[in-house]
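Student: here is a sequence with its predicted model. Questions after.
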Amino acid sequence: MNDAALHYAIERLMGLYAACIDDDRLEEWPNFFAPSCRYQIISRENYDKGHPIGVFFANSRGMLTDRVRALREANIYEAQRYRHILSPTLILGHDEAGAHAQTNFQVIRIMQDGAMSLFGAGRYLDRIALAGAEPVFAERLVILDSRRIDTLLAIPL
């Protein structure tokens with residue numbers, strides 16, 4: 001894959017990922033990940049200090065699927081939606097097997113009554129598997145710039 005095709009494929013992955021969440025198609029969200037993957041939401045402070053404690057951790061697509069099932073069937077939370085604002089993706093390196101990338105994000109939360117707030121801001125650090133027909137996340141670290149994280153983190157970031 002040449003550099004332009006790689007960049008297009010990764011930017012497309014980022015856009016489709018955000019649209020899936022923003023359009024409330026959460027049942028499709030785990031399909032953006034490899035079967036054996038890592039997804040973690042962590043504060044920048046903990047990440048910078050090398051502390052492994054985060055807000056959420058999963059190490060398989062199955063765990064992500066369970067998370068969505070819990071959101072739909074077990075958890076009780078106020079109706080809300082997200083709107084992701086993404087920066088262009090910076091490809092940090094790549095080889096035949098995968099790529100490393102960074103994308104800055106802001107997530108605006110829209111509540112049922114129409115109230116909007118900046119829910120989260122930070123960066124995604126990704127390891128993207130390129131071996132299949134479509135790129136998928138082998139690892140997605142969601143690094144939040146603030147250590148102040150709303151306890152109502154119901155929807156994935």
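Tutor: Thanks, I have it.

Student: residue nearest the centroid of the protein?
Tutor: In the chain, the residue lying closest to the centroid (Cα atoms, centre = their mean) is residue 157, at 4.7 Å.

Student: you'd agree residue 103 is up against residue 85?
Tutor: No - Residue 103 lies out of contact with residue 85 (Cβ atoms under 8 Å); the separation is 10.7 Å. Glycine gets a C-beta too; all of them are placed from N, C-alpha and C.

Student: looking at the two, which is more packed in?
Tutor: Taking neighbours as other Cβ atoms under 10 Å, residue 103 and residue 85 compare with residue 103 leading, 21 against 12.

Student: residue contacts, the more buried one?
Tutor: Residue 103 makes contact with 14, 86, 87, 88, 89, 90, 123, 124, 126, according to Cβ atoms under 8 Å, 6 or more residues apart in numbering.

Student: which residues touch the strand or helix carrying the first one?
Tutor: Of the helices and strands defined by DSSP states H and E, residue 14 is found in helix 3-22. For helix 3-22, contacts defined as Cβ under 8 Å, 6+ apart pick out 1, 26, 28-29, 32, 81-84, 86, 88-89, 91, 94, 99, 101, 103, 105, 124, 128, 130, 134-137, 155-157.

Student: among those residues, name the buried ones.
Tutor: For these, a neighbour count by 16 or more other Cβ atoms under 10 Å gives the buried set as 26, 29, 32, 82, 84, 86, 89, 91, 94, 99, 101, 103, 105, 124, 128, 130, 135-137, 155-157.

Student: mind listing the strands for this protein?
Tutor: Secondary structure of the chain (DSSP state E): strands at 33-43, 56-58, 80-86, 90-94, 98-111, 116-129, 136-144.

Student: how about the nearest residue to the residue nearest to the centre of the chain, chain neighbours excluded?
Tutor: residue 142 (4.8 Å; Cβ to Cβ, 6 or more residues apart in numbering).
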